[in-house]
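Colleague: fold the stuff below for me.
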Amino acid sequence: MDECETILLDAQLEAVIDSHAFRAVLGNGHRFTAYIATEDWEKKGPEAGGFVKVEMSPYSMNVGRISI
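Modeller: Presented below is the predicted three-dimensional model:
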């Protein structure tokens, strides 16, 4: 079992935690922490209030990775 299962969801960024972490909310009201992957740090990141695609694990819905 080499594949890693991920779920791709739409989320809105509510607030900036630090330069690579955001407070985000899904359409159903679920709040979680969204991070920018280290390989995407040099790219222009999203801003608070914007909509992004987030990759989440089915095992932990408390954190997600922002797809830039």
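Colleague: give me the contacts around the longest strand seen in the chain.
Modeller: Criterion DSSP state E: the longest strand present in the chain is strand 7-18. For strand 7-18, the external contacting residues (CB atoms under 8 Å, 6 or more residues apart in numbering) are 22-27, 31-34, 46-58, 64, 67. To be clear about C-beta, it is placed using only N, CA and C from the backbone, and glycine gets the same treatment.
Colleague: list the buried ones in it?
Modeller: 9, 11, 12, 13 (16 or more other CB atoms under 10 Å).
Colleague: how much space separates the third one from residue 25?
Modeller: Looking back up the chat, that one is residue 12. Residue 12 is 6 Å from residue 25, where distance means CB to CB, to the nearest Å.
Colleague: try the last one
Modeller: The spacing between residue 13 and residue 25, counted by CB to CB, is 8 Å.
Colleague: again with the second one
Modeller: Taking CB to CB as the criterion, residue 11 is separated from residue 25 by 6 Å.
Colleague: where do the contact lists of those two overlap?
Modeller: The contact lists of residue 11 and residue 25 share residue 32, where a contact means CB under 8 Å, 6+ apart.
Colleague: and residue 4, what pLDDT?
Modeller: pLDDT, residue 4: 76.
Colleague: then the one 5 residues further on?
Modeller: Looking at residue 9, its pLDDT stands at 95.
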